[in-house]
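mind looking at a prediction? Sequence and model below.
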Amino acid sequence: MWPEKIKPIYDVIVIGSGPGGLAAAIAAKKNGAEDVLIIERDIELGGILVQCIHNGFGVEIFKEDLPGPLYAHRFIQEARSLGIEVLSDTMVLDLTPLRKINAIGKHVGFLELEGRAIVLAMGCRERTRAQIRIPGTRPAGVYTAGTAQRFVNVEGYMPGERFVILGSGDIGMIMARRLTLEGAKVERVLEIMPFLTGLTRNYVQCLLDYNIPLELRHTVSRIMGNYRVEAVEAVEVDEKWNPIPGTEEVIPCDTLLLSVGLIPENELSRKAGVVLDPNTGGPVVDEGMQTSVPGIFAAGNVVHVYDLVDWVTEAGFVAGKSAARYALEIKKAVRRKVRLVSGNNVRYIVPQYLDSESLAESDQSIQFRVVRPVEEKVWVEVTDGEHLITRKLERYVRPGEIVTVKIPQKAYDAVQKADKLVVSVAKSQGDQNA
């Protein structure tokens, strides 16, 4: 709801209205925050969900298989019914450690606002050609996969007829299927890594089902064309990602799509003095999704890139509830934090810290990604460095798929004594002691 009068201070201000931001605003309102404001730079709410017309959303939250716009619509309607205020078409320019915001919008001009608590929910952006440094000419016809998705699904434009897709990220694989359904020819998907970087289900449903070839350990070494892309040169790479001479192949095409990773949008986080994790690119958060700056929380892909939108929503619920508690001064004094440390074959962990008292209330879930795939049974183990806290048997682990493990409430005493918790992946020697 567009506010009748913009207040100078709100209990909770949420920056961004994607799935994480909508969930945070709703949770904050339901947990006692009286004045909740969403600031969205686009003209409509929903974030990236607006252009994700494929199914696959809501299976965990609603137990239904929904397209992205319908999933967003349900939360938008709930936010409206709760009286949450919205400033759309408004860009946040600055955020201070004292939770003061400068914003500007077409309809509101320049604003100075303050939040008793702030939730960062800006999402993420795609890596571009410049960031991965592909040599060659600079013709038209090079797009990120998300840009092409918006062209096709929202604007109604086809960006080309004959495509090569670089990267096996989820957006790229989904667009391979979408473009094929629109009559385009997707020549192939190239992936520089020796393994898939997106979800296996998208590989099956978007590439295998449509006979679109995937070539691992391959990349684009050169873009060819003057005014429009005419071809790309593909090449096989070795274990150190160096091109292998003699493996070059010219693939005729008029469009190159890049699906080469996502970067959490944390320019505002830096301005506020929030500590960022170099592995995730997002804020360091505790189990309540509070950042290193008191009163500033973060949720969704601004923290790390999730596999499922449902998980982004759940993180938003946690951040919104915590922000409401902080804003209403219900949150207790800062308690001891236990650091979570990456062990064998673990790239990063979220959250990075655990409140030592949190297990008194319930089990605590943590999520992480592995460095390399293991296609056999493995143990996921959480220790205090010497003693086992908990373990979980997984059938396999892959860098493209998040692993979740719960630290049980019964481990409360052990966690109270620990200075750190180490999360590791170890090969299983059978199912004994499972």
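Good, I have the coordinates.

following element in sequence after the lengthiest strand in the chain, please.
In the chain, assigned by DSSP state E, the strand with the most residues is strand 109-120. Proceeding N to C from strand 109-120, the next assigned helix or strand is strand 124-126, under DSSP states H and E.

which parts of the stretch 1-150 of the chain are helices?
Secondary structure of the stretch 1-150 of the chain (DSSP state H, counting those that start in this stretch): helices located at 19-30, 68-81, 129-132, 145-150.

who wins for proximity to residue 314 among these?
helix 19-30 (7.5 Å; Cβ to Cβ). In this view, the C-beta of every residue, glycine as well, is placed from N, C-alpha and C.

return the most buried member of the helices of the stretch 1-150 of the chain.
The highest average neighbour count among the helices of the stretch 1-150 of the chain, using mean count of other Cβ atoms under 10 Å, belongs to helix 19-30 at a mean of 30.

from residue 417, how far off is the closest residue to residue 364 other than its chain neighbours?
Closest residue to residue 364 apart from its sequence neighbours, by Cβ to Cβ, 6 or more residues apart in numbering: residue 407 at 4.8 Å. Distance of residue 407 to residue 417, given as Cβ to Cβ, to the nearest Å: 14 Å.

between these two, tell me which one has more neighbours.
Shown here are residue 407 and residue 417; by other Cβ atoms under 10 Å, residue 407 has more neighbours (24 against 10).

show me what contacts the residue nearest to residue 364?
354, 359, 363-366, 382, 389-390, 415, 421 (Cβ atoms under 8 Å, 6 or more residues apart in numbering).

among those, show me the least confident.
Of all these, residue 359 carries the smallest pLDDT score, 84.

got a list of what that residue touches?
407-409, 411-412, 415.

what does residue 381 give?
343, 388, 390-391, 423-426.

nearest to residue 115 among these?
The closest of those, once distances to residue 115 are taken by Cβ to Cβ, is residue 423, at 33.1 Å.

correct me, but the closest one touches residue 405?
Yes: contact criterion Cβ atoms under 8 Å: residue 423 and residue 405 qualify, at 7.3 Å.

so these two - more neighbours on which side?
Taking other Cβ under 10 Å, residue 423 and residue 405 do not tie; residue 423 has more neighbours (24 against 18).

next up, phi/psi of the more buried one, please.
phi -110, psi 120 (degrees, to the nearest 10).

now swap in the one 4 residues further on and tell me
Main-chain dihedrals, residue 427, degrees, to the nearest 10: phi -60, psi 140.

quick check: closest non-adjacent residue to it.
Per Cβ to Cβ, 6+ apart, closest to residue 427 is residue 378, 5.7 Å.

quick one, what contacts the one you found?
Applying Cβ under 8 Å, 6+ apart, the residues contacting residue 378 are 393-394, 396-397, 425-428.

flag the least confident of the residues you listed.
Among the contacts of residue 378, residue 428 has the weakest pLDDT, 76.

what's the neighbour count on it?
The burial count for residue 428: 17, using other Cβ under 10 Å.

I'd say it and residue 379 touch.
Yes: assessed by Cβ under 8 Å, residue 428 is found in contact with residue 379 at 5.5 Å.

and the average pLDDT for the lengthiest helix in the chain is what?
With secondary structure taken from DSSP state H, the chain has its longest helix at helix 309-327. In this model, helix 309-327 has an average pLDDT of 96.

which strands and helices sit next to it?
strand 9-15, helix 19-30, helix 68-81, strand 109-120, strand 296-298 (3 or more Cβ pairs under 8 Å, 6 or more residues apart in numbering; DSSP states H and E).

and the angle for the longest one with helix 19-30?
What that stands for is helix 68-81. 20 degrees (axes from the mean of the first three to the mean of the last three Cα atoms, to 10 degrees).

wait, which of the contacts of residue 381 is closest to residue 85?
Closest to residue 85, out of all of the contacts of residue 381 and judged by Cβ to Cβ, is residue 423, at 39.9 Å.

check the gap between the closest one and residue 184 for me.
In terms of Cβ to Cβ, residue 423 sits 43 Å off from residue 184.

about what we covered before: can you tell which of the helices and strands packed on helix 309-327 is closest to residue 152?
helix 68-81 (13.6 Å).

which outside residues touch the closest one?
Residues contacting helix 68-81 (Cβ under 8 Å, 6+ apart): 1, 19, 22-23, 25-26, 29, 38, 45-54, 57-58, 62, 86, 309, 313.

buried subset of those, written for PyMOL?
A single PyMOL command selects the buried members of these (16 or more other Cβ atoms under 10 Å):
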select buried, resi 19+22+23+25+26+29+38+45+46+47+48+49+50+51+52+53+54+57+58+86+309+313
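
spit out the residues that contact residue 428 and residue 379 alike.
The contact lists of residue 428 and residue 379 share residue 393, where a contact means Cβ under 8 Å, 6+ apart.
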